[in-house]
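Chemist: What follows is a predicted protein model with its sequence.
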There are 2 protein chains.
Amino acid sequence: MARSETTKKTTRIQRQKTEIILEAALDVFSDFGFRGSTIDMIANRANLSKPNILYYFDNKEAIHITLLEKLLETWLEPLHEINENNPPIDEICKYIEQKLNMARDFPRESKLFANEILQGAPHVLPELQGTLRALVEKKAKIIKNWSKQGKIADIDPNHLFFSIWATTQHYADFDIQVQSVLNDETVDPFQSASPFLKKMFSTMLEP
Amino acid sequence: MARSETTKKTTRIQRQKTEIILEAALDVFSDFGFRGSTIDMIANRANLSKPNILYYFDNKEAIHITLLEKLLETWLEPLHEINENNPPIDEICKYIEQKLNMARDFPRESKLFANEILQGAPHVLPELQGTLRALVEKKAKIIKNWSKQGKIADIDPNHLFFSIWATTQHYADFDIQVQSVLNDETVDPFQSASPFLKKMFSTMLEP
DNA sequence: AACATTACTGACCAAACGGTCAAGTTTTTT
DNA sequence: AAAAAACTTGACCGTTTGGTCAGTAATGTT
């Protein structure tokens, strides 16, 4: 039985090895998806034996779920930061910038999440319907208030969020396609996307 | 050996069964991804035996590739239709509408494609770097011409296409997430997304 | 040093999977 | 009606995969 289930107190080795395993698993899962990944692949990547991996995690699914839970926290963090009292367009542009930076700096996490959602969110559907839904609802109210006060144009907040998520994560999840289209151009897609997206959304939001 | 490889002439039964198999495979592949799908799942879905499936296709990969090739044609069709001589914003809005309709009417195809790209496009990378890249380059020139002539604002055509693809396909690929956020609202996401996206892109494009 | 706990592994197992094949059935052709 | 071609399948095979387990090694505790 994996220690994660039976013991509360963790040893130094447990923390180290758990971290190594999760790091390797993120590599593998984000490249091949859950069902395309094998414990052996993770074991090789981590330089550990397969039984050793299963000593720390009950099974393959447990590794996946641990990764997804860790991910969701940091994933929603930028959304939390949207502040009603600051200038609306500044706040939205900051949010876009943060989401784009996350896509650039954590592409594996983005792909892991995309894979999970594409397959119907078998592991995080409750979180989507709970945490995510509540948070979006809260922030949507802020957007609507801004609209009512004439600070921004009257737009649907939900679709605004969908569009921001879609456009920013696109550069991580579909990087192969982006690279294929831009192949000879040397500029970093993320760098040129940033002003483009900020302009697009701020133009739309102007009252 | 599969008839598809050895024979040029196809019989009535071959056409029927091939169609049934591809239809079932699209269901399965779009739900579970390539590696998460099994020939048995496709066989069950198609009400055929596994050896019977392998009588028409050499192997699992051949089914997948056939689906992707069929898909790519129809997928790029709306992009072909962009016409330099029509009003720019009308053309872009028509393109958005077509892409959104495709996401609504062919969500399985959209998910199949998303899965393939997420995994690094192992089966269609050459097409991305060839057909897609060339077509986008051609249409990007049209956009740039419009900009030069002052008909639309000066924006990066590549990022424009990325944004349109990302936002429209998002409603098919991430439908679970969209539904989770909108769960109590009875409106069809695609219906409300259409005016939102058209407004967003046309506002940005106004000179 | 003796003991207890934690960490690790080679060998193994059952199930799932992609794919084959010989032998049968059905359809088409003559 | 007979021969040929196309179609179908149960049984089977080798490999991969998730997971187990008994036994060993390392680490920590007294």
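Modeler: Everything's here; your move. Numbers count the residues shown, from 1 in each chain, chains lettered A, B, ... in the order given.

Chemist: Give the next helix or strand downstream of the helix or strand bottoming out on mean pLDDT in chain A.
Modeler: Using mean pLDDT, DSSP states H and E, the weakest-scoring helix or strand in chain A turns out to be helix A:3-6, at a mean of 37. Sequence order places helix A:12-36 as the next helix or strand after helix A:3-6, per DSSP states H and E.

Chemist: Show me the contact partners of that next one.
Modeler: For helix A:12-36, contacts defined as C-beta atoms under 8 Å, 6 or more residues apart in numbering or on different chains pick out A:3-4, A:10, A:37, A:41-43, A:45-48, A:52-53, A:56-57, A:60-61, A:63-64, A:66-67, A:70, A:107-109, A:111-112, A:115-116, A:119, B:32-36, B:115, B:118-120. Yep, even glycine has a C-beta here, placed from its N, CA and C like the rest.

Chemist: Just the buried ones among those, please.
Modeler: A:3, A:37, A:41-43, A:45-46, A:48, A:53, A:56-57, A:60, A:63-64, A:66-67, A:107-109, A:111-112, A:115-116, A:119, B:32-36, B:115, B:118-119 (16 or more other C-beta atoms under 10 Å in any protein chain shown).

Chemist: Show the pLDDT at A:Lys141.
Modeler: We have a pLDDT of 98 for A:Lys141.

Chemist: Next: A:Asn59.
Modeler: Here, the pLDDT recorded for A:Asn59 equals 97.

Chemist: How about A:Asn183?
Modeler: 80.

Chemist: what's the angle between whichever strand or helix holds A:Ser192 and helix B:189-205?
Modeler: Secondary structure assignment for A:Ser192, by DSSP H and E: helix A:189-205. With axes from the mean of the first three to the mean of the last three C-alpha atoms, to 10 degrees as the basis, helix A:189-205 and helix B:189-205 are set at 100 degrees to each other.

Chemist: Just list what helix A:189-205 packs against, helices and strands only.
Modeler: Judged by 3 or more C-beta pairs under 8 Å, 6 or more residues apart in numbering or on different chains; DSSP states H and E, helix A:189-205 is in contact with helix A:88-105, helix A:157-173, helix A:175-181, helix B:157-173, helix B:189-205.

Chemist: Pipe these into JSON lines and attach mean neighbour count per row.
Modeler: Output for these, formatted as JSON lines (neighbours: other C-beta atoms under 10 Å in any protein chain shown):
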{"stretch": "helix A:88-105", "mean neighbour count": "18"}
{"stretch": "helix A:157-173", "mean neighbour count": "23"}
{"stretch": "helix A:175-181", "mean neighbour count": "21"}
{"stretch": "helix B:157-173", "mean neighbour count": "23"}
{"stretch": "helix B:189-205", "mean neighbour count": "19"}
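
Chemist: can you redo the ones you listed as a markdown table with distance to A:Lys151?
Modeler: A markdown table is the format used below for the helices and strands packed on helix A:189-205 (distance: least, C-beta to C-beta, whole Å):
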| stretch | distance to A:Lys151 |
| --- | --- |
| helix A:88-105 | 5 |
| helix A:157-173 | 13 |
| helix A:175-181 | 33 |
| helix B:157-173 | 24 |
| helix B:189-205 | 17 |
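
Chemist: Columns distance to DNA strand C on top of the ones you listed, output as a markdown table?
Modeler: As requested, these are exported to a markdown table (distance: least, C-beta to the nearest atom of the strand, whole Å):
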| stretch | distance to DNA strand C |
| --- | --- |
| helix A:88-105 | 30 |
| helix A:157-173 | 24 |
| helix A:175-181 | 23 |
| helix B:157-173 | 23 |
| helix B:189-205 | 32 |
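
Chemist: of all these, which lies closest to A:Lys199?
Modeler: Set against A:Lys199 and scored by C-beta to C-beta, these come closest in helix B:189-205, at 6.9 Å.

Chemist: how distant is the closest one from the center of its chain?
Modeler: Centroid separation for helix B:189-205 versus its chain: 20 Å, with C-alpha atoms, centre = their mean, to the nearest Å.

Chemist: Now do that helix against helix B:88-105, angle only.
Modeler: Using the same axes, to 10 degrees, one finds that helix B:189-205 and helix B:88-105 are set 160 degrees apart in direction.

Chemist: hmm, who's touching helix B:189-205?
Modeler: Here helix B:189-205 has contacts from A:155-156, A:159-160, A:162-163, A:199-201, A:203-204, B:88-89, B:92-93, B:96-97, B:100-101, B:103-104, B:152-153, B:155, B:160, B:163-164, B:167-168, B:171, B:175, B:178-179, B:182, using C-beta under 8 Å, 6+ apart.

Chemist: tilt between that helix and helix B:157-173?
Modeler: Interaxial angle of helix B:189-205 relative to helix B:157-173 (the same axes, to 10 degrees): 170 degrees.

Chemist: Kindly export helix B:189-205 (C-alpha atoms) in PDB.
Modeler: Extracted in PDB, the C-alpha atoms of helix B:189-205 (Å, rounded to 0.1, in the frame of the first residue of the first chain):
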ATOM      1  CA  PRO B 189     -23.300  28.000 -26.300                       C
ATOM      2  CA  PHE B 190     -22.800  28.100 -30.000                       C
ATOM      3  CA  GLN B 191     -25.700  30.400 -30.500                       C
ATOM      4  CA  SER B 192     -24.500  33.000 -28.000                       C
ATOM      5  CA  ALA B 193     -20.900  32.600 -29.100                       C
ATOM      6  CA  SER B 194     -21.600  33.500 -32.700                       C
ATOM      7  CA  PRO B 195     -22.500  37.200 -32.100                       C
ATOM      8  CA  PHE B 196     -19.800  37.500 -29.400                       C
ATOM      9  CA  LEU B 197     -17.000  36.300 -31.600                       C
ATOM     10  CA  LYS B 198     -18.200  38.200 -34.700                       C
ATOM     11  CA  LYS B 199     -18.300  41.400 -32.700                       C
ATOM     12  CA  MET B 200     -14.900  40.800 -31.100                       C
ATOM     13  CA  PHE B 201     -13.100  40.200 -34.400                       C
ATOM     14  CA  SER B 202     -14.900  42.900 -36.400                       C
ATOM     15  CA  THR B 203     -14.300  45.500 -33.700                       C
ATOM     16  CA  MET B 204     -10.600  44.700 -33.800                       C
ATOM     17  CA  LEU B 205     -10.500  44.800 -37.600                       C
END
